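> sequence plus predicted model, see below.
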Amino acid sequence: YIFVFITHYSFDDVGSCLSPTTGTTPQTFAAALQYFAAAQCLLPRDPLPEATPKSGETFDFIVVGAGSAGSVVANRLSEVAKWNVLVVEAGSDAPLESDIPGFDALLFKSDYDWQYLTVNNGVTSQGLANGSVSFNRGKMFGGSSGMNAMLYVRGNDQDYQNWYDAGNKEWSVSEVKRCFKKLENLQNEEMLSNTTISEFYGHTGPQIINKYNHTLDNYIENVLEAWDEIGLRKVKDMNIENVNISGKTTTTAANGLRQSTDRTYLISASKRPNLKILKNSFVTKIFIEKNKAVGVEIEKDGQLLKFLTSREVIVSAGTINTPQLLMLSGIGPGKDLKKNNIATIVDSPKVGQNLQDHLIVPIFTYGDVPEETNTDDAMFENMKYIYKRQGSLAHSGVSTGGMAFYSTEKNATFANCQLHLTIVPKNTTTLKAGYMSSFRYNETVAESIGKPNEDHGVFFFLFNLLHPYSRGNITLMSNDPKDKPLIHANYFQDPRDLETAVEGIKIATKIEYFKSIGGFLGRIDIPACNSLELDSKDYWRCISINLVTSVFHPVGTCSMGASKKTSVVDSRLRVHGVKNLRVVDASVMPTTISGNTNAAVIMIGERGSELIIEDNN
Ligand SMILES: Cc1cc2nc3c(=O)[nH]c(=O)nc-3n(C[C@H](O)[C@H](O)[C@H](O)COP(=O)(O)OP(=O)(O)OC[C@H]3O[C@@H](n4cnc5c(N)ncnc54)[C@H](O)[C@@H]3O)c2cc1C
């Protein structure tokens with residue numbers, strides 16, 4: 001919550017309110033205040049309607065989880081009027097702070113976050129509190145699309161070609177592109193007025209896409225110019241071209257409001273009589289009889305309920321919770337299930353394996369700008385948001401949307417590195433606590449990052465590795481569904497990842513812009529790295545190992561593929577070895593994509609729904 005300015009106004013230069021008046025002045029100001037007080041009530045939306053089905057009731061389809069993918073599936077299946085669909089979500093309606101883009105990081109560690117942490121392996125991330133990395137995941141309608149940074153990135157054609165080449169014939173590049181267009185509803189006027197850009201995107205889908213209302217435009221532009229100078233060509237659209245380029249990305253925010261999938265897919269569908277919604281309902285088990293999914297067990301308000309299906313259960317609980325639920329239901333690596341006293345129904349060794357994530361290595365640079373935001377400015381930013389959905393609350397507090405995609409390989413056709421840009425004004429008092437909370441940096445690290453900010457603006461580059469070779473995994477802590485699963489991220493386990501990261505960071509630190517604003521690269525205080533020359537490869541190796549965190553894009557733990565020896569679901573997303581059970585969410589990606597994952601997950605929701613509808617007609 002680096003950019004969140006919640007301050008108390010101090011009236012330094014104000015009169016006593018005793019001046020004579022005709023009454024016009026106080027009336028005018030009072031009317032303005034009333035207007036602003038009322039304007040904040042324009043934000044809330046109605047809660048989703050909740051059904052009260054009786055335990056034991058049967059549905060054609062039961063969808064577990066209403067996140068980025070699950071909301072799409074619930075919408076598309078309930079378009080078929082003859083089918084009764086139940087969607088079950090462990091969280092509740094998204095809070096107001098989810099709608100306001102600038103409050104995204106305020107949802108970290110709240111009741112709307114599953115608050116997962118990785119297991120400390122004693123080697124990587126030792127500059128973080130307890131050596132463990134935050135794996136934030138949304139627990140609300142909209143799931144992680146309700147707390148993400150809203151950056152809309154399709155990825156590279158080659159990403160999907162790789163899925164297809166691995167035997168997943170339902171995922172050809174042309175099918176994938178058709179589904180992206182099907183989901184999209186481009187609303188940005190400037191983009192619409194450019195024929196090439198306009199034709200690239202879809203216009204009639206549910207998912208509204210636009211651009212942030214930016215506040216720090218000049219500074220972002222300056223960085224983009226500097227990236228352009230080092231060969232990362234500044235482009236108008238980062239989905240049409242996506243290697244060795246920079247620009248401002250499209251977002252799932254429009255007119256200063258987040259467009260999470262509950263907003264874009266569920267609100268309209270919730271009016272259909274054949275879609276039933278259950279809130280605060282945690283699915284603890286899938287019932288499987290004779291290798292066929294027949295229903296689910298749900299914990300709601302301390303009671304266990306049971307719902308049955310006449311067609312299918314679709315699990316859309318996300319990369320962490322989906323493998324957990326399969327394992328709790330007896331589908332997973334036999335040995336691990338046995339260890340946790342769970343009877344094996346299908347010995348499926350790849351459940352929870354193949355975890356891939358885009359890691360972050362932080363690059364902190366500092367410059368003479370932006371100037372400190374004083375109390376008046378901060379208040380004015382908030383007013384701008386209430387009045388016109390502009391100002392610093394209109395875009396993510398984590399990312400400005402300025403990004404670069406590039407490769408460490410010559411003549412590459414897809415990127416293996418990404419940079420996100422965050423800009424923080426001088427002397428931002430919440431900075432140190434913000435980094436300790438959001439990234440879990442320990443006190444010493446946060447102090448060394450925060451100190452130069454006292455008299456310098458921060459240009460924070462989040463370096464991401466896009467195609468890691470390392471693989472992590474998710475295993476059960478116990479057979480109690482409430483026990484959080486164990487997450488082993490295994491960053492840099494494959495040494496090639498560290499070397500690519502270092503090469504990629506060295507490209508990023510070539511940037512000249514900072515010299516023109518009195519800029520410099522900050523040294524981060526990690527005892528093991530302090531004797532190494534700043535910006536040397538050894539320095540970055542050391543920083544990478546000690547400060548690696550997640551950019552929150554875990555995928556792959558129930559990946560699709562030919563058989564259960566190599567994967568968890570087939571190309572039509574059916575769980576190997578169990579009938580009437582599918583997985584539709586980020587976990588099915590066999591390999592990760594060249595960019596932020598939300599757009600691809602919504603696309604998976606669309607394509608997965610088509611496959612379910614085809615197979616049930
Ligand atoms: C902080 C953050 C920032 C991100 N920034 C971006 C970004 O800017 N751009 C981008 O493209 N991607 C971003 N991502 C990633 C992107 O949001 C995710 O890849 C995507 O939302 C995953 O979708 P999903 O459907 O697989 O899971 P989710 O959206 O997480 O949905 C899973 C849903 O299932 C529910 N659930 C889980 N278990 C159960 C259960 N047992 N019973 C009932 N319900 C259950 C959960 O509460 C949740 O609502 C970000 C993610 C995070 C967390």
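In hand now; what should we look at?
> phi, psi for Leu96 please.
Reported as degrees, to the nearest 10, the phi and psi values for Leu96 are phi -60, psi -40.
> residues contacting it?
43-44 (CB atoms under 8 Å, 6 or more residues apart in numbering). For glycine as for every other residue, the C-beta is placed from the backbone atoms N, C-alpha and C.
> separation between it and Asn255?
16 Å (CB to CB, to the nearest Å).
> buried ones in stretch 221-233?
The neighbour-count check on stretch 221-233 (16 or more other CB atoms under 10 Å) flags 222-224, 226-228, 230, 232-233 as buried.
> only alpha carbons, please: show it as CSV.
C-alpha atoms of stretch 221-233 as CSV (Å, rounded to 0.1, in the frame of the first residue of the first chain):
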residue,chain,number,x,y,z
GLU,A,221,6.8,8.1,-20.4
ASN,A,222,10.4,9.0,-19.4
VAL,A,223,11.1,5.4,-18.4
LEU,A,224,9.5,4.1,-21.6
GLU,A,225,11.8,6.4,-23.6
ALA,A,226,14.8,5.1,-21.8
TRP,A,227,13.8,1.5,-22.4
ASP,A,228,13.3,2.4,-26.0
GLU,A,229,16.9,3.7,-26.1
ILE,A,230,18.2,0.4,-24.9
GLY,A,231,16.4,-1.5,-27.6
LEU,A,232,13.0,-2.2,-25.9
ARG,A,233,11.0,-0.5,-28.5
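> show me how far it is from its chain's centre.
Centroid separation between stretch 221-233 and its chain, computed with CA atoms, centre = their mean, to the nearest Å, is 26 Å.
> on that earlier part again, with distance to Phe29 added, can I get the buried residues of stretch 221-233 in a markdown table?
Output for the buried residues of stretch 221-233, formatted as a markdown table (distance: CB to CB, whole Å):
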| residue | distance to Phe29 |
| --- | --- |
| Asn222 | 38 |
| Val223 | 40 |
| Leu224 | 41 |
| Ala226 | 45 |
| Trp227 | 46 |
| Asp228 | 47 |
| Ile230 | 51 |
| Leu232 | 49 |
| Arg233 | 50 |
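> among those residues, which are in strands?
Arg233 (DSSP state E).
> among the buried residues of stretch 221-233, which lie within helices?
With helices identified by DSSP state H, the entries of the buried residues of stretch 221-233 that belong to them are 222-224, 226-228.
> and the buried residues of stretch 221-233 near the ligand, which?
Filtering those for proximity to the ligand (criterion: CB under 6 Å from any ligand atom) leaves nothing.
> now, which of the buried residues of stretch 221-233 sits nearest Leu581?
Nearest to Leu581 among the buried residues of stretch 221-233 is Leu232, at 44.1 Å by CB to CB.
> re earlier: Ile524: which of the ones in helices among the buried residues of stretch 221-233 is nearest?
For Ile524, the closest of those turns out to be Val223, at 20.1 Å, with distances computed as CB to CB.
> and the closest one, what is it in contact with?
Contacts were defined as CB under 8 Å, 6+ apart; by that measure Val223 touches 402, 421, 459, 511, 513.
> what does Tyr201 give?
Listed by CB under 8 Å, 6+ apart, the contact set of Tyr201 reads 181, 184, 186, 191, 209, 239.
> same check on Leu48?
Contacts of Leu48 were listed using CB under 8 Å, 6+ apart, and they are 93, 141, 262, 266-267, 270, 277, 279.
> if we go to 6 Å?
For Leu48, the set of contacting residues under the criterion of CB atoms under 6 Å, 6 or more residues apart in numbering consists of 93, 270, 277.
> count of neighbours near the first one?
If I follow you right, that is Asp93. Counted with other CB atoms under 10 Å, residues neighbouring Asp93 total 21.
> tell me how far it lies from the ligand.
The span separating Asp93 from the ligand equals 11 Å under the rule CB to the nearest ligand atom, to the nearest Å.
> with the last one instead?
Using CB to the nearest ligand atom, Ile277 is found at 12 Å from the ligand.
> Thr430 too?
Using CB to the nearest ligand atom, we find Thr430 at a distance of 18 Å from the ligand.
> residues in the stretch 251-400 of the chain within reach of the ligand, list them.
Residues of the stretch 251-400 of the chain found near the ligand, taking CB under 6 Å from any ligand atom as the criterion, are 282-283, 316-319, 321, 325.
> farthest pair in those residues?
Using CB to CB, those reach their maximum pairwise distance at Phe282 and Thr319, which is 17.4 Å.
> returning to that earlier point: out of the contacts of Val223, list just those in strands.
402, 421, 459.
> now the residues you listed in a markdown table, with neighbour count?
What follows is those, written out as a markdown table (neighbours: other CB atoms under 10 Å):
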| residue | neighbour count |
| --- | --- |
| Gly402 | 27 |
| Leu421 | 22 |
| Phe459 | 30 |
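> dump these into JSON lines; add distance to the ligand and pLDDT as well.
Formatted as JSON lines, the ones in strands among the contacts of Val223 follow (distance: CB to the nearest ligand atom, whole Å; pLDDT from 0 to 100):
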{"residue": "Gly402", "distance to the ligand": "13", "pLDDT": "94"}
{"residue": "Leu421", "distance to the ligand": "13", "pLDDT": "95"}
{"residue": "Phe459", "distance to the ligand": "19", "pLDDT": "94"}
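> residues touching Phe307, list them.
For Phe307, the contacting residues are 57, 62, 86, 295-296, taking CB under 6 Å, 6+ apart as the criterion.
> please tell me how far the closest residue to the ligand within the chain sits from Val601.
In the chain, the residue found nearest to the ligand is Gly67; the distance is 1.8 Å by CB to the nearest ligand atom. Here the criterion is CB to CB. By it, Gly67 lies 8 Å from Val601.
> could you do Asn580 as well?
Asn580 sits at a distance of 23 Å from Val601 (criterion: CB to CB).
> compute the first-to-last residue distance for stretch 171-191.
For stretch 171-191, the separation between the terminal residues is 28 Å (CA to CA, to the nearest Å).
> I meant stretch 460-476, not that one.
36 Å.
> may I see the buried residues of it?
Burial within stretch 460-476, assessed by neighbour count using 16+ other CB under 10 Å, is assigned to 460-468, 470-476.
> so does it get close to the ligand?
No: when contact is scored as CB under 6 Å from any ligand atom, no part of stretch 460-476 falls within range of the ligand; the minimum is 10.9 Å.
> contacts for that stretch, please.
Under the contact criterion CB under 6 Å, 6+ apart, stretch 460-476 has outside partners 320, 323, 327, 336, 340, 352-355, 358-361, 363-364, 415-416, 418-420, 422, 485-490, 493-494, 496-497, 501, 505, 508, 551, 557, 594.
> next: stretch 171-185.
When contacts are taken as CB under 6 Å, 6+ apart, the neighbours of stretch 171-185 outside the stretch itself are 154, 157, 160-161, 163-164, 201-202, 205, 207-209, 602-603, 606-607.
> ok, back up a step: of the buried residues of stretch 460-476, closest to Thr196?
For Thr196, the nearest member of those is Leu466. The distance, counting by CB to CB, is 24.8 Å.
> next, give phi and psi for Lys139.
According to degrees, to the nearest 10, Lys139 has phi -120, psi 80.
> pLDDT wise, what is the spatially closest residue to it that is not a sequence neighbour at?
Setting aside the residues directly before and after it, Lys139 is nearest to Gly91 in space (CB to CB, 6 or more residues apart in numbering), at 3.9 Å. What the model reports as pLDDT for Gly91 is 98.
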